[in-house]
Structure formats: C-alpha cells, structure tokens
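Make a model of this:
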Amino acid sequence: MPTDDASTRLAEVREKIDRAAHLAGRPANSVELIAVSKTHDADAIRPLIAAGQRVFGENRVQEAAAKWPELRETTSGISLHLIGQLQSNKAEEAVALFDAIHSVDRPSLVDALGKAMDKTGKRPACFLQVNIGGEAQKGGCSVADLPGLLVEARTADLPVQGLMCVPPLELEPAPYFALLAKIARDHGLDGLSMGMSGDFKTAVTIGATHVRVGTALFGART
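Sure thing, here's the model as predicted:
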C-alpha cells in the first residue's frame, strides 16, 4: 500500500474518531487508535508508520515476534498491543514483547502473567476480556465470572487498565458496548477496549478508550 493511501486512510479514520468523540462531548485524544496489523507484513505496516501511526495490534505472539523487533529498531515510540487469545505458556514471551495485553480471560492466564511480570520486571497494561454476548465460540470470561477474575488479577498485581469485548457479529453493537461500559464503571475501571472497523464510531460515542481498527486502515486481510 503506497504511503499516500496509508496517510489518507489514517486521516479518515482519525477524523471519524474525532467526530464521534465530539458528539459524545469527549476530547479526541481520549481515544487511542490501535492499527490492527495482524496478517500484514512489514512492507504493509511501514506506510502507516510513515504516516504517523505508532500504536499497533497483533493477534499472535509468534507473528509479532517475527516482524516487530526490526520495525521497532528503525522507529522509536512504537506501542504494541496483543489483542488475540493468549496461551498461558506464551505469557513470558508476551510480557517481554507487548506494551498492553487485551485478552486476559481466565485465572490460569492471570497466574502465568503475574509470574512472568514478576520475573521480567515488565508490567504491560492489561484488559480483562469479557464474552459480552455469551457466545460459545468466543474467548473472554463470562459477565458473571468477571468480578472474581478481577480480584485475582489485582491480587496478582496485574496492571488492569480496563475491559475488552467483541460483540456478536450480526447484532447491533451499541447495547453490548453500553453493558461493558456499565460493568467497567461498576468496578472502577476507566479503560474500554471496544470497537473495530465496522463499529468503532459507535464504540467511541459510548466511551471506548481504545479502538482496534484493521480493515479500514489496511484494506482486506492478506
């Protein structure tokens, strides 16, 4: 993707975030745009970096480890977020590589991340993933299990920044975003990682602090 296309797409997404934030009476800088670079190689990512984007999201530890060290060597200020499911045996590698982990969803992973952070001395921000639609095929803890998981995460000294969700695909996302926002408020959490290419404007109006946008920035997945 040529740099000018990347610049145009990035500007369009940021403008939409700004408008949605304005409608909600929020400052535009209260929303962090995560460019979802999963499945895209370094050559596809560089134009977005050149256009000024510094926050990126990856689904898999192994994929991120293969392409990001070199990209980070040539550009300072990159922030890397893990947005996909994380196996407990990859916890230490994830803690070393990522600045934030959005998919903390079970006690065994909390335990593995706590040990990895204690060992490495690095403590990436954490979001607890909630299966907000109760879908069997999706990751995330149930709404009912969240209070217990939050207690465990805080006991393990994970830096819990907020909650994350992926609403059901074919349904109106606003009620699910609103539910996640209410749950976060009830537990004194400020961070809301919600909203993707098709619904990030809605998410911002409801309070998203982090939106995970891939297709609108990169085009169709490769």
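
how many neighbours does the nearest residue to residue 171 once chain neighbours are set aside have?
Among residues not flanking residue 171 along the chain, residue 133 sits closest, at 7.4 Å (Cβ to Cβ, 6 or more residues apart in numbering). The C-beta positions use only the backbone N, C-alpha and C, and glycine is treated the same way. Counted by other Cβ atoms under 10 Å, the residues lying close to residue 133 total 18.

Over to the one 3 residues further on?
Under the neighbour criterion other Cβ under 10 Å, residue 136 is assigned a count of 5.

Residue 116 now?
20.

tell me the contacts of it?
By Cβ atoms under 8 Å, 6 or more residues apart in numbering, residue 116 lies in contact with 91-92, 94-95.

mind redoing it with 10 Å?
Shown in contact with residue 116 (Cβ atoms under 10 Å, 6 or more residues apart in numbering): 88, 90-96, 122-124.

what about it, distance to residue 96?
8 Å (Cβ to Cβ, to the nearest Å).

Are there residues contacting both of those two? Which ones?
By Cβ under 10 Å, 6+ apart, residue 116 and residue 96 have these common neighbours: 122, 124.

the strands in this protein, which residues?
32-36, 55-58, 79-82, 100-104, 125-129, 160-164, 191-193, 210-213 (DSSP state E).

Return the set of buried residues in the second one.
For strand 55-58, the buried set under the neighbour-count rule, 16 or more other Cβ atoms under 10 Å, comprises 55-58.

any idea which of those residues is closest to residue 193?
Nearest to residue 193 out of those is residue 57 (Cβ to Cβ; 9.5 Å).

distance of the closest one from residue 18?
20 Å.

what do you get for residue 79?
Going from residue 79 to residue 18 by Cβ to Cβ gives 20 Å.

can you list the weak-confidence ranges in the protein?
1-4, 221-222 (pLDDT under 70).

ok, residue 138 - contacts?
85, 105, 129, 131-132, 165-169.

Farthest pair within the residues you listed?
105 and 169, at 18.6 Å, using Cβ to Cβ across the contacts of residue 138.

which of those two has more neighbours?
Ranked by neighbour count (other Cβ under 10 Å), residue 105 and residue 169 place residue 105 first, with 24 against 10.

Please verify my assumption that that one contacts residue 128.
Yes: judged on Cβ atoms under 10 Å, residue 105 makes contact with residue 128 at a distance of 6.9 Å.

anything in contact with each of the two?
140-141, 145-146, 149, 164.

Quick check: helices, which of the residues you listed are part of them?
146, 149 (DSSP state H).

Need the shared contacts of residue 105 and residue 128 in JSON lines (columns: neighbour count).
Formatted as JSON lines, these follow (neighbours: other Cβ atoms under 10 Å):
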{"residue": "140", "neighbour count": "24"}
{"residue": "141", "neighbour count": "20"}
{"residue": "145", "neighbour count": "16"}
{"residue": "146", "neighbour count": "22"}
{"residue": "149", "neighbour count": "21"}
{"residue": "164", "neighbour count": "27"}
